[in-house]
Each structure stands twice: as C-alpha cells, then as structure tokens.
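K.L.:
Fold the following, please.
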Amino acid sequence: MVLSGPKQLDAMMKEGTLPGLLLLWGEDAPLMAGYKRRLERWAVTAFPDFNRSQYDGRFPLDLEALGDAARSLPMMAPRRFVLVEDLDPGLLSTGGLEKLRQLAEELPEETLLVMTMGSVLPDLKKKGSKGAQVFQLCERLGGVCHFPKPAGSAAVQRMVSAAEKAGSSISKDAAQLLAEYCGREPQRMLTEVQKLAAHSPEGITPEDVRSLVAPVTEARVFDLPDKIIARNFTAAMAAINDLVFLRESPVSILSILSMAFVDLYRAGVARKAGIPDAEAKKALGYGGSGYRYDKGAQNQRKFSIPTLERILELLAEADKQMKTTGPDARVVLETTVAEIFREMEGA
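P.N.:
Below you'll find the predicted structure:
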C-alpha cells in the first residue's frame, strides 16, 4: 500500500499495524532520518546489538547476508529491525531483484525490514525500471511512504523551530527567503539556520540571509525582479550576466520575471477593488503560504496599474520574440529589461 504520509506511520506504530516491509523515499532527508529512528525504537525494545542489522544500499548489497538477518528470529524480544540505508536500485542485478522479492514474500512476522531511498531517486513510475520494481514490490507486500521537500508553510515552520532550538529566532520573511535561497532542500535549510543562529542569536533577519547564504541558481533568478523593482539598473544587468554565465536559459529568466510582474499586477488590481489579501490569494490559486502574492502586494504600491499593464505587454512581446527565429534570446531579455526601466522612469 501507498501511505498517505509520515503521519500514517505514526498512527500505524501507535496501533501496532505496521507492515513488515517499508520503503521510505524522497528528498526530505532530515524528516526521513527522524522516522527511521522512530521505527527502530518501535521495533527494537531489547538487546539492540542482536536485534538490529544495517546495510549500506549505496554499494552492491550482500543479499545472502541481508536475507539471513531478516529471516533470523529476534533474541529475547518481540521484533527484529533490519535497515537498508539509501538503496540505489540500479545496483541490483536481475537475480538480486528476485532474491529481494523472495525475501519480501518470506519475511517473518517478527521482522521489520525498512529500505530508504534518498541520495539516488530513480523514476519510480518508469515501467520496467529497477526503481519501479522495488517500489511495486514494497507497495504490494508492505508499505511505501514518500518524504517530499516541505511546502512553503511547512518549510517556514521547520526553520522557526530549528532557530529556536539553536537559541535564536527567525522572522517569517527571513524564513521564506531562506527557503528560496536553499531551493527548499531540507538538509541545507537546517544547516543554514544553525549557521545564521550562531551569527545572529538576537534574531535572524532577511538581511542576514542575503549577506550570509549563497542562493541556488533558481533563487538568483528570483532576485532579478527584486533588483528591477528597486530600480537598480546596474544590479539587474549584472544579475542577468551572472545567470547566463551559470547557464540559466534566458527563456526561463523571462518566465520568472513575467511571473513576478503578474503577481504585482494581480495584487494591485485586487487591492484597488478592495478585495482582502486572503480572499484574493484563494481566488487566484496561490497555495501554501501565498508568499509570491504577499511579496507582490508589498511592492505593488511602487507602480500604477497602467505602468504594470505596459510592462506586462513588454514581457509578452519578448516571450513572442524568443519563441520565433529572430534576435538572440539574451539580447531580447536585456533589451526588454532596459525598456522596463524606461517605462518606470517615464511613469
């Protein structure tokens, strides 16, 4: 079966209904590590040296040894715990997959076999692939639980908690910015919060994030609209140069830039109509914390609605030019940004 999420694991441990075979997979390594520890504590209640076995799935598995460990009866305890850490399905041979299938079918009731996938995340839905075969095996004979990257509000709450544990605090704006800078990669977010807390025990601000955290390329793209909104032409052009150097597509950069100005326009029109932000976010489909809309609402006062309409027309025309065999995409992007600045100056 496919579990609805980690909370279902909690419920099954409480009820004692865990299947004997579990696959934990996803990008959220810290949360997945926490659940591995919970599962081990649930399973191993005595003599851990004898009732716990662990194997490194990043290297070819000794499936004979894994089978012996999983089939062994626990020593003076109700259960055994066997962990295959960070399994790379690509290292399993056809014979290895068959041995794993046999083991799953013959698993004693007293054994909890947990396999994790984190460092290597194959396409688990690709028909016939080894990753898909492992996924289907665990789905059929046990349980599969996904640990995706945390969504906006969940990422913010996790960083707030991490900052408190580290003896500091972090504002909502700083946490949202840090999530962007880290690409919502959970382990990096945790590491950066700890670093920032040591630097700013009195409280982490957005300025701390900007000065001390190196943003991922995606976050650098989101920085470009901020530089334009701040009317800093030199910084905006330098940002484009850096992004192109990092091999970011001008089409992708234009897409993010367009999205930012769409957010500004939507927020501006909604506020002019007297629509509350919460209602507008819901109606316009801004999920999670609605950070993009909030940011647009914060900056829309710097533009009139007609100015935003003309900027959106410029961006639409640039998109059209990039999709035809015409000028170089980078030239189109830089020219469009220059025209946006002229439009802002004229307004």
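K.L.:
Let me see the contact set for Glu40.
P.N.:
With contact set as CB atoms under 8 Å, 6 or more residues apart in numbering, Glu40 has these partners: 52, 81, 83. Placement of C-beta: from N, CA and C, glycine included.
K.L.:
what do you get if the cut-off is 7 Å, keeping everything else the same?
P.N.:
When the contact criterion is CB atoms under 7 Å, 6 or more residues apart in numbering, the partners of Glu40 are 52, 81.
K.L.:
Longest helix in this structure, by number of residues?
P.N.:
For the chain, the helix with the greatest residue count under DSSP state H is helix 250-272.
K.L.:
name the helices or strands packed onto the next helix or strand after that one?
P.N.:
Secondary structure here is assigned by DSSP states H and E; on that basis, the next helix or strand after helix 250-272 toward the C-terminus is helix 277-283. Helices and strands touching helix 277-283, by 3 or more CB pairs under 7 Å, 6 or more residues apart in numbering; DSSP states H and E, are helix 291-299.
K.L.:
what packs against the next helix or strand after the helix it packs on?
P.N.:
Using DSSP H and E, the helix or strand that follows helix 291-299 in sequence is helix 305-322. Helix 305-322 makes packing contacts with helix 250-272, helix 329-346 when contacts are defined by 3+ CB pairs under 7 Å, 6+ apart.
K.L.:
For Arg231, which of those is the nearest?
P.N.:
Distances from Arg231 to each of those were compared by CB to CB, and the smallest falls on helix 329-346, at 6.3 Å.
K.L.:
picking up where we left off before, what residues sit buried inside the longest helix of the chain?
P.N.:
Burial within helix 250-272, assessed by neighbour count using 16 or more other CB atoms under 10 Å, is assigned to 250, 253-254, 256-258, 260-268, 270-271.
K.L.:
from the middle of its chain, how far away would it be?
P.N.:
23 Å (CA atoms, centre = their mean, to the nearest Å).
K.L.:
just stretch 221-234 next, same as before
P.N.:
25 Å.
K.L.:
outside of that stretch, which residues touch it?
P.N.:
With CB under 7 Å, 6+ apart, stretch 221-234 has contacts from 180, 215, 235-236, 239-240, 243, 248, 252-253, 256-257, 260, 299, 302, 337, 340-341, 344.
K.L.:
For the residue located most distally from the centre of the chain, which three-state class applies?
P.N.:
Summary for the chain: using CA atoms, centre = their mean, the residue whose C-alpha lies farthest from the chain's mean C-alpha position is Met76, with a distance of 41.7 Å. Reducing the assignment to helix, strand or coil with DSSP: H, G, I helix; E, B strand; the rest coil, the entry for Met76 is coil.
K.L.:
Verify the contact between it and Ala46 for me.
P.N.:
Yes. Taking CB atoms under 7 Å as the definition, Met76 is a contact partner of Ala46 at 6.0 Å.
K.L.:
where exactly do the strands run in the chain?
P.N.:
Using DSSP state E, the strands of the chain run over 21-26, 52-56, 80-85, 111-117, 143-147.
K.L.:
export the helices and strands packed on helix 305-322 to JSON lines and tack on mean pLDDT and distance to Val2?
P.N.:
As requested, those are exported to JSON lines (pLDDT from 0 to 100; distance: least, CB to CB, whole Å):
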{"stretch": "helix 250-272", "mean pLDDT": "91", "distance to Val2": "32"}
{"stretch": "helix 329-346", "mean pLDDT": "91", "distance to Val2": "42"}
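K.L.:
Figure out which of the ones you listed is closest to Pro206.
P.N.:
Distances from Pro206 to each of the helices and strands packed on helix 305-322 were compared using CB to CB; the minimum, 16.8 Å, belongs to helix 250-272.
K.L.:
Met237: what's it in contact with?
P.N.:
Taking CB under 7 Å, 6+ apart, we find Met237 in contact with Glu334.
K.L.:
That one and Pro250, how far apart?
P.N.:
When distance is defined by CB to CB, to the nearest Å, Met237 is 13 Å away from Pro250.
K.L.:
Same check on Leu66?
P.N.:
Between Leu66 and Pro250 the computed distance is 50 Å (CB to CB).
K.L.:
What of Val82?
P.N.:
Distance of Val82 to Pro250, computed by CB to CB: 51 Å.
K.L.:
ditto for Ala162
P.N.:
Counting by CB to CB - Ala162 and Pro250 are separated by 36 Å.
K.L.:
And the residue nearest to Gly167 when sequence neighbours are not counted, what's its pLDDT?
P.N.:
Leaving aside its chain neighbours, Gly167 sits nearest to Pro201 (5.7 Å; criterion: CB to CB, 6 or more residues apart in numbering). The predicted local confidence for Pro201 comes out at a pLDDT of 93.
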